[in-house]
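Novice: 3D, please:
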Amino acid sequence: MKSLTPAQRQFLKGLAHARQPVVMIGNQGLTAAVLKEVDLALKAHELVKIKAASDESDTRRAWLEEICAATGAAPVQQIGKVLVIYRAAAKPAIVLPA
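Specialist: Okay, the predicted model is just below:
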């Protein structure tokens, strides 16, 4: 899991604000198929919002950590049932502040 500076995290939060979730974690929880979809979404978008169905905050936090560990992404934020993650592409479209 990569780490972001506070300035980078704040910048990405601003970009993520207007975006819609592109991956949903349903009642089956975090499955291999969901992780594959997250990886595909990261390749396409770099910055991804994920909607989680669980009502348990601890479960959502664990999912965020597991997703980041499995995909090599960095956690940006968790607000309610929405998780935001970032992974730079080979040719980054998003230029992070230093």
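Novice: where along the protein do the strands fall?
Specialist: Along the chain, counting by DSSP state E, strands occupy 23-25, 47-52, 74-79, 82-86.
Novice: how many degrees apart are the second one and strand 82-86 in direction?
Specialist: The one in question is strand 47-52. With axes from the mean of the first three to the mean of the last three Cα atoms, to 10 degrees defining the directions, strand 47-52 sits at 150 degrees from strand 82-86.
Novice: How about the third one?
Specialist: Inter-element angle recorded for strand 74-79 and strand 82-86: 160 degrees (by the same axes, to 10 degrees).
Novice: what's strand 74-79 packed up against?
Specialist: helix 6-16, helix 57-71, strand 82-86 (3 or more Cβ pairs under 8 Å, 6 or more residues apart in numbering; DSSP states H and E). Every C-beta, even on glycine, is put in place using the N, C-alpha and C of the backbone.
Novice: nearest to residue 33, of the ones you listed?
Specialist: Nearest to residue 33, of all the helices and strands packed on strand 74-79, is helix 57-71, at 12.5 Å by Cβ to Cβ.
Novice: For the closest one, give me every contacting residue.
Specialist: Helix 57-71 has contacts (Cβ atoms under 8 Å, 6 or more residues apart in numbering) with 1-2, 25, 29-30, 35, 38-39, 42, 50, 52, 54, 73-75, 78, 81, 83, 85, 87.
Novice: hmm, back to that, could you dump the helices and strands packed on strand 74-79 into TSV and include mean pLDDT?
Specialist: Formatted as TSV, these follow (pLDDT from 0 to 100):
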stretch	mean pLDDT
helix 6-16	96
helix 57-71	96
strand 82-86	97
